[in-house]
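1. My questions concern the predicted model and sequence given below.
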Amino acid sequence: MADGLAGSGSPATDFAVALLTELARAGVTDVVVSPGSRSQALALAAVAVERAGGISVHVRLDERTAGFFALGLAVESGRPAAVVTTSGTAVANLHPAVLEAHHSGVPMIVVSADRPDELRGIGSNQTTVQPGLFGPAVAVVRDVEAPTAHGVDADTAATVRELVREVVAAAAGHTGQPGPVQLNVAFREPLSAGLGEGTVQPVPDDEVDLAFATRRVHSGLPVVDLAPDDEPATVVIAGHDAGADAERIAWELGAPLLAEVSSGARFGRNLVVTYRELLRDPDFGGAVRRAVVLGHPTLSREVPALLQRADVETIVVRGPGADPYDPARASRSDAATTFVSDVRVTGRTRPEHRAWVGRWVATSRALLGGGDAGPDLDAKRSSDRAERNKFLRDEVALRRRAVDRTMLADAVWGATWPHDRLVLGASQIIRVADGHVAGKAIRVHANRGLAGIDGTISTALGIAAALERSTASVGTTRVLLGDLTLLHDLGALVTGTEEHPHRVQVIVGNDGGGAIFRGLEVAATTPEADMRRMMTTPQHVDVEPVVTGLGWEYRRAATWGDLERVLTDPAERVVIEVPLAD
């Protein structure tokens, strides 16, 4: 057989080894597997290729968490992870992660095992229509007939290589938007054969094409030249996954930077933290006449409202997601958003631009205020015993203070550094962080393609796995979420005993329900009991026995002092529960 395996006795195994070897050759470094009978050849081939040094294999016990784990691997590595499932409902359980990958432009390769043609449409067990199951969320679907020949001859090897190159290129965005693809592979019995040590040969390093699998965005759109406006009235809006270029463009245009917390551009001298409040202010938002948008804004109503105004020129840098960001089209028939692949700034700013930015930045800082300054540090050094004693009382009072969402966001943000990763769940806390935390050049992720609540911990574990492999640092991946977001992904905490643990802190702001729904307009006119039962869904889960029963360490941080202490805890897998004061 090509790449060192003569016929194993199972055509399924021979084909699976060829497929996994070609994925490694095409630059795919990670394969996520959930156990199953029909997919056994793929699973055993994956571990054999891993043993030969070609890929890293990650085993997750259920497909839903496996899909989001693969999503996290791709987010951090920039390359598609392959996720292997057996047939039937197993494939459908990938759908939430596939949808998120599609709408956020994250590459993913679904390798679904299936029944051969003769077992389809006759009521066979665990058999449904798998090709096309994900609808328009996958760019390419290939339904591969069950292999029949023992071993893989040169023609078959070439066909497999061509097939793999096609799906990897589509996932990585060579010709269209990056995102998920589906490779549906039928297998007949015997479903697998044993693969011992040395039966699979490694792919030579000089044949591995990591660049081929790396995500790219080829929008086919032009690069636009922009100059600082004659009378400053431009803002740069950085939504999710905008990237650091947004900060550069804002600086070169002399424009305020309105950067969401997961934008990758939440830093720099032009950053305006309280952008939502200022966009509502006629003296600020009302004065805007041009907006340059990067990424996918999802955390405010003020941004789409601004872009829907007829007096605002909107220039959108097309991102990797499936849909172009164009809120104006929803409300105006005359909307004329300009879509570009990049912005090139020409010309220089003038003092008027510095004044324009300075007014936004200064007002934002004033709105944030100094916060509670805490104990007076001068008093700590005072020669007056009474002042020193007051400092000590103030410090003790601060450390005993109950934690609210703002304090929680501050603490986690402050504990996270460039070698770490921060993942934010679709809870109220991400909006609190977005409206409050200061600029800091750290890597922040959130599943904002569809902004769903599910899969957050699984995504973070995938990010952690890729981070730990790519760096020699001891960076920690922190997940900040609410109690309902935790409950939606408890399965992520279950890991097989043979799998490598990852350095992850899961920080749960627990208010016993869905606080995010309290801000809905309907809450003002709906009976409180109805809102509680149907929307905020209060619950009382004893988190400690749940997470310790799943093999994780547990910490409780009821005060500011507790929170500061546990965030520096060296435990590798820990859930930190923070009862929220509000």
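-> Received the coordinates, thanks.
2. When you work out contacts or count neighbours from here on, use the C-alpha atoms and nothing else.
-> Fine.
3. all strands for the stretch 101-250 of the chain, in order.
-> Counting by DSSP state E, counting those that start in this stretch, the stretch 101-250 of the chain has strands at residues 108-114, 141-144, 180-186, 223-226, 234-238.
4. CSV please, covering those and showing mean neighbour count.
-> Formatted as CSV, the strands of the stretch 101-250 of the chain follow (neighbours: other CA atoms under 10 Å):
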stretch, mean neighbour count
strand 108-114, 28
strand 141-144, 17
strand 180-186, 26
strand 223-226, 14
strand 234-238, 26
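5. To Val303, which of those lies closest?
-> Each of the strands of the stretch 101-250 of the chain has some distance to Val303 by CA to CA; the shortest is strand 234-238, at 8.1 Å.
6. Counting by contacts, list what that closest one packs against.
-> On a contact count with 3 or more CA pairs under 8 Å, 6 or more residues apart in numbering; DSSP states H and E, strand 234-238 meets helix 245-253, strand 257-259, strand 290-294.
7. List the residues that contact Ala74.
-> Contacts of Ala74 were listed using CA atoms under 8 Å, 6 or more residues apart in numbering, and they are Pro80, Ala81, Val106, Pro107, Met108, Gly462, Ile463.
8. Which member of these is positioned nearest Ile442?
-> Ile463 (14.2 Å).
9. gap between Gly54 and Val200?
-> Taking CA to CA, to the nearest Å as the measure, Gly54 falls 10 Å from Val200.
10. again with Val437
-> Note on Val437: its distance to Val200, by CA to CA, is 51 Å.
11. Among the two, which residue is more densely surrounded?
-> Val200 (25 against 21; other CA atoms under 10 Å).
12. ok, the residue nearest to Glu145 when sequence neighbours are not counted - contacts?
-> Once flanking residues are discounted, Glu145 sits nearest to Ala186: 5.5 Å by CA to CA, 6 or more residues apart in numbering. Going by CA under 8 Å, 6+ apart, Ala186 touches Ala113, Asp114, Arg115, Pro116, Asp117, Asp143, Val144, Glu145, Ala146, Pro147.
13. TSV for the residues you listed, including pLDDT and distance to Val361?
-> Below are the contacts of Ala186 laid out as TSV (pLDDT from 0 to 100; distance: CA to CA, whole Å):
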residue	pLDDT	distance to Val361
Ala113	96	55
Asp114	95	57
Arg115	93	61
Pro116	92	63
Asp117	89	64
Asp143	96	55
Val144	95	57
Glu145	93	61
Ala146	89	62
Pro147	87	63
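14. which one among those residues gets closest to Ala305?
-> Using CA to CA, Asp143 is the member of the contacts of Ala186 that lies nearest Ala305, at 44.0 Å.
15. In this structure that closest one contacts Pro131, no?
-> Yes: with contacts counted by CA atoms under 8 Å, Asp143 reaches Pro131, the gap being 6.2 Å.
16. Would you mind listing the residues touching both of these two?
-> Asn184.
17. ok, and Val31, which helix or strand is that part of?
-> Here Val31 sits within strand 30-33, counting by DSSP states H and E.
18. after that strand, next one along is what?
-> With elements assigned by DSSP H and E, the helix or strand that comes after strand 30-33 is helix 40-51.
19. Check what contacts the following helix or strand past that following helix and list those residues.
-> Going down the chain from helix 40-51, the next helix or strand is strand 56-59, by DSSP H and E. For strand 56-59, contacts defined as CA under 8 Å, 6+ apart pick out 29-35, 46-47, 50, 66, 495-496, 499.
20. Any of those buried? List them.
-> Thr29, Asp30, Val31, Val32, Val33, Ser34, Pro35, Ala46, Val47, Glu50, Ala66, Thr495 (16 or more other CA atoms under 10 Å).
21. looking at the helices and strands packed on strand 234-238, which is buried most?
-> strand 257-259 (a mean of 31; mean count of other CA atoms under 10 Å).
22. mind listing what's buried in the following helix or strand past that one?
-> Next helix or strand after strand 257-259 toward the C-terminus (DSSP H and E): helix 275-280. Buried residues in helix 275-280, defined by neighbour count with 16+ other CA under 10 Å: Tyr275, Arg276, Leu278, Leu279, Arg280.
23. Touching, the last one and Glu302? I think so.
-> If I follow you right, that is Arg280. Yes: if you go by CA under 8 Å, Arg280 and Glu302 touch, sitting 6.9 Å apart.
24. what ranges do the helices span in the stretch 101-250 of the chain?
-> 154-172, 210-213, 245-253 (DSSP state H, counting those that start in this stretch).
25. What of the stretch 251-400 of the chain?
-> With helices called from DSSP H, counting those that start in this stretch, the stretch 251-400 of the chain shows them at 275-280, 302-307, 351-368, 377-380, 385-399.
26. Against which helices or strands is the longest one packed?
-> Contact here means 3+ CA pairs under 8 Å, 6+ apart; on that basis helix 351-368 packs against helix 275-280.
27. Report all helices and strands that the helix it packs on contacts.
-> helix 302-307, helix 351-368.
28. contacting residues for the closest residue to Ala24 other than its chain neighbours?
-> The shortest distance from Ala24 to any residue other than its chain neighbours is 5.7 Å, reached at Gly54 (CA to CA, 6+ apart). Listed by CA under 8 Å, 6+ apart, the contact set of Gly54 reads Thr21, Ala24, Thr29, Pro202, Val203.
29. Kindly list the single helix or strand of this protein that scores lowest on mean pLDDT.
-> Counting by mean pLDDT, DSSP states H and E, the chain has its least confident helix or strand at helix 377-380, which shows a mean of 59.
30. Tell me what angle the strand or helix carrying Ala18 forms with helix 154-172.
-> Using DSSP H and E, the element containing Ala18 is helix 11-25. If you take axes from the mean of the first three to the mean of the last three CA atoms, to 10 degrees, helix 11-25 sits at 50 degrees to helix 154-172.
31. Helix 11-25 vs helix 40-51, what angle?
-> 40 degrees.
32. ok, back up a step: and the residue nearest to Glu145, what pLDDT?
-> With respect to pLDDT, Ala186 scores 95.
33. Roughly how far does it sit from Ala16?
-> Per CA to CA, Ala186 is found 11 Å from Ala16.
34. and Thr13, how many residues sit next to it?
-> A count of nearby residues for Thr13, using other CA under 10 Å, gives 30.
35. check contacts around it.
-> Ala41, Leu42, Ala45, Leu191, Ser192, Ala193.
36. Show the pLDDT at it.
-> We note a pLDDT of 93 for Thr13 in this prediction.
37. what separates it from Phe187, distance-wise?
-> 9 Å.
38. try Thr234
-> Distance, Thr234 to Phe187, using CA to CA: 58 Å.
39. doesn't Leu480 fall inside a helix?
-> No: Leu480 is assigned strand when assessed by DSSP: H, G, I helix; E, B strand; the rest coil, not a helix.
40. hey, what's it bridged with?
-> Beta-bridge partners of Leu480, counted by DSSP bridges, are Leu424, Ile507.
41. For it, give me its contacts.
-> Val412, Leu422, Val423, Leu424, Gly425, Ile429, Val506, Ile507, Val508, Gly509.
42. Do I have it right that the fifth one meets Ile453?
-> What it means is Gly425. Yes: using CA under 8 Å, Gly425 is in contact with Ile453, at 6.7 Å.
43. what about these two, which has more around it?
-> Ranked by neighbour count (other CA under 10 Å), Gly425 and Ile453 place Gly425 first, with 28 against 19.
44. What's the per-residue pLDDT of the more buried one here?
-> At Gly425, the pLDDT value in this model is 96.
45. Save the contacts of Ala74 as TSV, and put in distance to Gly491 too.
-> Shown next, in TSV, are the contacts of Ala74 (distance: CA to CA, whole Å):
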residue	distance to Gly491
Pro80	23
Ala81	20
Val106	22
Pro107	23
Met108	21
Gly462	14
Ile463	17
